[in-house]
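Chemist: mind folding the following:
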Amino acid sequence: MITGRPSPRSWETHGGNIKDEFTLFENHQITVGADHQQKKALEKSSKENESYAGFIQDKWSITPSIVFTGGLRYEYWNIWFANKEERIYYDPSEGSFLKKDYNQVIPKAFLTCALDKLSESLRDTSVSIGVSTIWTPISYCAH
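Modeler: Residues are numbered from 1 along each chain as shown. This is a model prediction of the structure:
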């Protein structure tokens, strides 16, 4: 018998994304947008997390083979945690769930070099180097 494993759960997820792309100065492709997502546990019929985000990105073609992409993303999260004694945020005066809010600005930058001109065998091949932040507010709260 296996013990200590969580029971299987089913979720319902809704979300959307809207963005617009336009060219600036012939070699800059600007993307701006926003998105939203919501995850709900079906057996509890309550929200587990919800996020709102806005972003802007500039894809700059320095040469036909070298492209620099830089951007910023702002995320705002609402997370509902079960209010149990084994959780980090236990508050007996609250109800069954505790709502926590988190937000962060997430930068990114990537430099991509297309290798098409070096050899026919490298057609549709590129090399990228970049920096970004992978962030989830759940890691701050999970216990």
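Chemist: quick check: buried residues in stretch 57-77?
Modeler: The neighbour-count check on stretch 57-77 (16 or more other C-beta atoms under 10 Å) flags 57, 59-60, 67, 69, 71, 73, 75, 77 as buried. All C-beta spots, glycine's among them, are computed from the backbone N, C-alpha and C.
Chemist: and it, average pLDDT?
Modeler: In this model, stretch 57-77 has an average pLDDT of 94.
Chemist: return the subset of the buried residues of stretch 57-77 lying in helices.
Modeler: Using DSSP state H, no member of those falls in helices.
Chemist: adding distance to residue 111, write the residues you listed out as JSON lines.
Modeler: Below are the buried residues of stretch 57-77 laid out as JSON lines (distance: C-beta to C-beta, whole Å):
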{"residue": "57", "distance to residue 111": "14"}
{"residue": "59", "distance to residue 111": "11"}
{"residue": "60", "distance to residue 111": "10"}
{"residue": "67", "distance to residue 111": "8"}
{"residue": "69", "distance to residue 111": "8"}
{"residue": "71", "distance to residue 111": "13"}
{"residue": "73", "distance to residue 111": "19"}
{"residue": "75", "distance to residue 111": "24"}
{"residue": "77", "distance to residue 111": "30"}
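Chemist: and which of those residues is nearest residue 121?
Modeler: Using C-beta to C-beta, residue 67 comes nearest to residue 121 of these, at 21.3 Å.
Chemist: tell me how far that closest one lies from residue 108.
Modeler: Using C-beta to C-beta, to the nearest Å, residue 67 is found at 14 Å from residue 108.
Chemist: lowest average confidence, helix or strand, in the chain?
Modeler: helix 138-141 (a mean of 58; mean pLDDT, DSSP states H and E).
Chemist: any low-confidence regions in the chain?
Modeler: 1-9, 42-46, 82-95, 135-143 (pLDDT under 70).
Chemist: go again with 80.
Modeler: When residues are selected by pLDDT under 80, those of the chain lie in 1-11, 41-48, 80-99, 133-143.
Chemist: which residues does residue 113 contact?
Modeler: 65-66, 126-128 (C-beta atoms under 8 Å, 6 or more residues apart in numbering).
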